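# Provided below are the primary sequence and the corresponding predicted coordinates.
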Amino acid sequence: MPSFAVSRLLWAAVAGFMVLAMAGCSETKFAVSTAKSVGDTGGIGQYKVGDPYRINGIWYYPTADDNYDRTGIASWYGEAFEGKTTANGEVFRLNRLTAAHPTLPLPSMVRVTNLENGRALALRVNDRGPFASGRVIDVSRRAAQLLGFERQGTARVRVQVMADESRALAAAAQGQDRQLAAAGAGTAPEAAPRTTVTAVALDDSSAGLAAGTTAATGSRTTAIVVPEPDGRVVQLPVKATNLYIQAGAFAERVNAARLQAKLKPFGRTGLSPVYVDGQQFYRVRLGPIPTLADADRVLAKVIGAGVDQARIVVD
């Protein structure tokens, strides 16, 4: 990886700063207190984070990040993937509220806000992708419909991890894996538990698992509780946004200046200080860029120049 590429840990920290500021907005929290058993949804797949991997010359670094909060471009996928197996073993259904993300643990829960119309929705991440044109997330067709961008195909969005719900999903998925392994059933995602599954109310302190007793045998078992996206669309205030190519962020200004000079042939560049947890970094951006098509072209040139961690951001 080139010397000017930011480390994944530094990148994750600085990315949090670049989230669109929504000053003075009153935000309604998602209610995801409804719990469903694994049998209700056909399974939630295996829990997995995964090793770093490379797609089309770009490295991706899966990691658990309760503070993940980024802006970028969302796209959606539907009929071509209906019935196919996702990266964690679920079966994709285009009318379920799910999404694909390149690095978040599977499964995770995220809130996606359409920054063009203010619609926000909770989604369960169960697949890897997208891997094209700097997209930050792929959502199911139904999610795109509810978020209001099915017809246009893409939207400027903010993606935030829902930490409590994601931890509950992780616990449920791992508990499911243990039960299936103990039963000798492997980890087939479509196989529902053969015993009675007890659903319990999920509160803030829940780890996603509750103890129960099977009706058939009276033996002690573990009920798998799965927080599900509730389908509620919340309307949030938004403001006009701009597109940028985020090329890198550095603790040393000289390194940022070196990257800025490298990128000048591709358009207007900016170098600005940002503060994360009291520490100063220097951010390098290209833009603003007028359209997504233009941003895609510039991003391709920047990545072609060796800045393979560059991405489109919305601000």
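Done, it's in.
# all strands of the stretch 201-315 of the chain, in order?
Ranges of strands in the stretch 201-315 of the chain, per DSSP state E, counting those that start in this stretch, are 209-213, 220-224, 226-227, 234-235, 243-250, 269-276, 279-289, 311-314.
# Would you confirm that Leu299 contacts Leu243?
No: look at Leu299 against Leu243 with C-beta atoms under 8 Å: they stay out of range, at 9.8 Å. Quick note: C-beta positions are derived from backbone N, CA and C, even for glycine.
# Neighbours of Arg158, how many?
24 (other C-beta atoms under 10 Å).
# any idea how far Val314 is from it?
Note on Arg158: its distance to Val314, by C-beta to C-beta, to the nearest Å, is 8 Å.
# In contact with the residue nearest to Gln280 when sequence neighbours are not counted, which residues are there?
Excluding the flanking residues, the one nearest Gln280 by C-beta to C-beta, 6 or more residues apart in numbering is Pro273, at 5.4 Å. Counting by C-beta atoms under 8 Å, 6 or more residues apart in numbering, Pro273 touches Gln280, Phe281, Tyr282, Arg283.
# what pairs with Pro273 across the strands?
Beta bridges link Pro273 to Tyr282, judged by DSSP bridges.
# Can we start the residue count at 52 from this point?
Sounds good: first residue 52 from here, last item Pro324.
# Check the contacts of Pro324 against Arg192 and report the nearest one.
Nearest to Arg192 out of the contacts of Pro324 is Arg334 (C-beta to C-beta; 34.9 Å).
# Verify the stated contact: that closest one with Tyr326.
No: using C-beta under 8 Å as the test, Arg334 is too far from Tyr326 to be in contact (10.5 Å).
# Tell me which of those two has more neighbours.
For Arg334 versus Tyr326, the count of surrounding residues by other C-beta under 10 Å is larger for Arg334: 20 against 10.
# Which pLDDT value does the model give that one?
Note for Arg334: predicted pLDDT of 96.
# wait, which of the strands of the stretch 252-366 of the chain is closest to Asp215?
Across the strands of the stretch 252-366 of the chain, Asp215 has its closest neighbour in strand 277-278 (8.3 Å, C-beta to C-beta).
# Please name the strands paired to that closest one in the sheet, noting orientation.
Assessed with DSSP bridges, strand 277-278 is paired to strand 86-87 (antiparallel).
# Flag every buried residue along the lengthiest helix in the chain.
The longest helix of the chain (DSSP state H) is helix 214-233. Within helix 214-233, the residues scored as buried using 16 or more other C-beta atoms under 10 Å are 215-228, 230-231.
# so how far is it off the chain centroid?
18 Å (C-alpha atoms, centre = their mean, to the nearest Å).
# Counting by contacts, list what that helix packs against.
Contacts defined by 3 or more C-beta pairs under 8 Å, 6 or more residues apart in numbering; DSSP states H and E place helix 214-233 against strand 159-165, strand 260-264, strand 271-275, strand 277-278.
# what's the domain layout of the protein?
As assigned by automatic domain parsing, the chain contains the domains 76-290, 294-365.
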